[in-house]
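Asker: The amino acid sequence is not available; the structure is as follows:
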């Protein structure tokens with residue numbers, strides 16, 4: 001089974017303590033995801049700041065390419081998508097037209113209604129299901 005994790009990488013300017021802390025947390029996340037226990041493959045995009053608002057760039061394109069490639073190469077029967085990005089709807093439609101199932105996993109407090117209309121199955125997580133996996137901070 002292949003598990004990919006797609007994320008914009010935090011970059012910290014020297015002297016920016018908050019960004020350094022975020023970067024360090026992300027490095028810990030990456031190390032955990034790539035461990036022998038988890039075995040995720042990381043796909044890195046980047047984060048762009050525009051007037052104080054941060055956006056991931058390049059991540060949805062990487063997801064779309066991998067979904068299409070896997071569908072055409074018949075490397076999966078079901079893709080499980082943990083993203084609420086409605087830019088992925090066209091690729092979901094194509095993947096489904098190729099006979100593959102796409103499951104959407106989102107959060108109950110903020111589901112993507114657009115994605116839910118186009119996937120094979122939708123699962124919405126509630127806070128009580130997520131809390132046991134939250135890292136404790138000391």
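Answerer: Received, thanks. Remember, predicted model here, so these are calculated numbers, not experimental data.
Asker: which residues of this protein fall in strands?
Answerer: Counting by DSSP state E, the chain has these strands, from start to end: 4-9, 41-50, 53-57, 78-81, 101-107, 121-125.
Asker: Quick check: residue 19 touching residue 9?
Answerer: No - counting by CB atoms under 8 Å, residue 19 stays clear of residue 9, with 11.6 Å between them. Where you see a C-beta, it was placed from the backbone N, CA and C, and this is true even at glycine.
Asker: For this structure, just list every one of the helices.
Answerer: 17-33, 59-72, 89-97, 113-116, 127-130 (DSSP state H).
Asker: excluding its backbone neighbours, what's nearest residue 70?
Answerer: Spatial nearest neighbour of residue 70, excluding adjacent residues (CB to CB, 6 or more residues apart in numbering): residue 76 at 5.0 Å.
Asker: Now do the contacts for the one you found.
Answerer: Contact partners of residue 76, counting by CB atoms under 8 Å, 6 or more residues apart in numbering, are 2, 70, 100.
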